[in-house]
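Visitor: Using only what follows, build the 3D model:
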Amino acid sequence: MKFSTQIKPISYLKANTAEVVRTLQEQREPLIITQNGEAKIVVQDIQSYEETQETLALLKILAIANREIAEGKSRPVAEVFERLRKRGASR
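Guide: Okay, here's the model as predicted:
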């Protein structure tokens, strides 16, 4: 994705809001909005935003798991299943 084609001034957003919304939904690429020549915000469609948030959540879970493995806070899966089987048998 080339961000250089997705940069617009805030005046463009103000004057073309409906078109911008339609384009974001169709193209599913973020739009960078500038103010006084500087990038200030990124606008994206809701579906892309939700997908990004889900991806970030999964990456956080993976990072936590990797940290716990590095700290020795994990157990082999066979051991975990054996403990679960023993619990189930004792009920």
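
Visitor: got the domain boundaries for the protein?
Guide: If you go by automatic domain parsing, the domain ranges for the chain are 3-44, 47-89.

Visitor: hey, which of the ones you listed is tucked in deepest?
Guide: domain 3-44 (a mean of 13; mean count of other Cβ atoms under 10 Å). From N, CA and C alone the C-beta is placed, and that goes for glycine too.

Visitor: first vs last residue of it, how far apart are they?
Guide: With Cα to Cα, to the nearest Å as the measure, domain 3-44 spans 13 Å from end to end.

Visitor: Can you give the distance from it to the centre of its chain?
Guide: Using Cα atoms, centre = their mean, to the nearest Å, the mean C-alpha position of domain 3-44 is found 19 Å from that of the whole chain.

Visitor: Flag the shaky bits of this protein, pLDDT-wise.
Guide: Residue ranges of the chain with pLDDT under 70: 1, 91.

Visitor: Helix or strand: which one has residue 8?
Guide: strand 7-9 (DSSP states H and E).

Visitor: strands paired with that strand, and their directions?
Guide: Paired with strand 7-9 in the same sheet, following DSSP bridges, are strand 31-35 (parallel).

Visitor: Contacts for the partner strand next, please.
Guide: Under the contact criterion Cβ atoms under 8 Å, 6 or more residues apart in numbering, strand 31-35 has outside partners 3, 6-10, 13, 20, 23-24, 39-44.

Visitor: Quick one: name whatever helix or strand follows that strand.
Guide: Later in the chain than strand 31-35, the nearest helix or strand by DSSP H and E is strand 38-43.

Visitor: now the helices for this protein?
Guide: Using DSSP state H, the helices of the chain run over 10-15, 17-27, 46-70, 77-89.

Visitor: quick one, the longest one and strand 38-43 angle?
Guide: Interaxial angle of helix 46-70 relative to strand 38-43 (axes from the mean of the first three to the mean of the last three Cα atoms, to 10 degrees): 90 degrees.

Visitor: now swap in the last one and tell me
Guide: Here helix 77-89 runs at 40 degrees with respect to strand 38-43, directions being taken by the same axes, to 10 degrees.
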